[in-house]
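# Based on what follows, work out the 3D shape:
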Amino acid sequence: MTTDFTVAESLERIAAEQPLINCVTNAVTVNDVANVTLHWGGLPVMSDDAREVGDMVAGAQGCLLNMGTVSEAGEEAMLTAGNAANDHGVPLVVDPVGVGATPTRDRVAEALVTDLDPTIVKGNYGEITALAGADAEVRGVESVGDYADVAETAVALARDTGAVVVASGETDVVASADAAYEVENGDAMLGTVVGTGCMLGVTLAVFAAALDDAETAALAGTLAFGVAGEAAAKGDFGDYAGPASYRVAFLDAVAGLDGVEVEHPDPDARITRVLDA
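Residues are numbered from 1 along each chain as shown. Presented below is the predicted three-dimensional model:
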């Protein structure tokens, strides 16, 4: 496979654009989501009131909908924001957190990908599998079980939704209707911090706002996120004693990634095309 981007070039585009990203996200990780947006070079705004969110999204360059904490008001805000994004050509990232765990989450997630036109759908292996209508095991918001066919499932969901699909896991999968790629990156420490999935979702929104092609944005954002996780784990941004201090090092890595010498900076060394659909 040949890719037409590097992480450094993508970060330069983001720095030049400084995209405004409106995040309708969950209360558990809202501060980290805002900080990651800023650290990548975007401008975060966390408008989640249906009375104003449509106007805010209309003036933004990217939008994230994260259903980590589902409420009636949150559902209304997400649909209002998503419709505004579609109406104004704003890239839209949907993170169907916990889909497969309860009927309410299943219904809301289905509405977000059928009533709206998402640019990227991002979830863990279990969430992507559940959203595609296949058997999945989701406990709370965590994916458990074996998902050997996740690449095929992600392609099927991409065809159904028209979106690029990112399935995060031990090996991240990025899929379109035509192909699936494995992205070899990241570190196990990312899994010890609550909210890294939410942070990946907004990372994709930032990259989609600055890069013209959704598949390129998904690949570049997923790669950059994992490389930041590796840099933090290697101690490039200070020593850490456990998950709490690793979280701080990771946020510093996102902010300082362009100054770090990344092993295998060429995406071709990290991204493998595993399925031609």
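# for the helix or strand hosting residue 34, which positions count as buried?
Counting by DSSP states H and E, the element that carries residue 34 is helix 30-40. Neighbour counts over helix 30-40 (16 or more other C-beta atoms under 10 Å) mark 30, 32-40 as buried. Just so you know, the C-beta spots here come from the backbone N, C-alpha and C atoms, and that holds for glycine as well.
# what's the answer for stretch 176-196, then?
Those buried within stretch 176-196 under the rule 16+ other C-beta under 10 Å are 176-177, 179-183, 185-187, 189-190, 193, 195-196.
# tell me the mean pLDDT for it?
Here stretch 176-196 scores 94 as its mean pLDDT.
# That one spans what distance, first to last residue?
23 Å (C-alpha to C-alpha, to the nearest Å).
# Give the lowest-confidence helix or strand of the chain, using mean pLDDT as the measure.
The helix or strand of the chain with the lowest confidence, counting by mean pLDDT, DSSP states H and E, is strand 142-144 at a mean of 46.
# That strand: what's the following helix or strand?
Downstream of strand 142-144 (by DSSP H and E), the next one is helix 150-161.
# What helices and strands are in contact with that next one?
The helices and strands touching helix 150-161, judged by 3 or more C-beta pairs under 8 Å, 6 or more residues apart in numbering; DSSP states H and E, are helix 103-114, strand 120-124, helix 125-131, strand 164-168, strand 172-175, strand 179-183, strand 271-276.
# Which elements pack onto the longest one?
I take that to be helix 103-114. On a contact count with 3+ C-beta pairs under 8 Å, 6+ apart, helix 103-114 meets helix 72-87, strand 92-95, helix 125-131, helix 150-161.
# Paired strands for the shortest one, with orientation please.
Strands adjacent to strand 92-95 in the sheet, as given by DSSP bridges, are strand 62-66 (parallel), strand 120-124 (parallel).
# so which of those strands gets nearest residue 6?
Distance to residue 6, taken as C-beta to C-beta, is lowest for strand 120-124 among those, at 20.0 Å.
# Quick check: buried residues in stretch 209-229?
Buried residues in stretch 209-229 (16+ other C-beta under 10 Å): 209-211, 214-229.
# for stretch 267-277, same thing?
With burial defined by 16+ other C-beta under 10 Å, the residues of stretch 267-277 counted as buried are 267, 270-271.
# One more: stretch 45-54?
45-48, 50, 53-54.
# got TSV for those, with distance to residue 203 and pLDDT too?
As requested, the buried residues of stretch 45-54 are exported to TSV (distance: C-beta to C-beta, whole Å; pLDDT from 0 to 100):
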residue	distance to residue 203	pLDDT
45	16	98
46	16	98
47	19	97
48	19	96
50	26	97
53	21	98
54	24	98
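# Among those, which ones are in helices?
Among these, the ones falling in helices (DSSP state H) are 53-54.
# Closest to residue 242 out of the buried residues of stretch 45-54?
Closest approach to residue 242 among the buried residues of stretch 45-54 (C-beta to C-beta): residue 46, at 28.1 Å.
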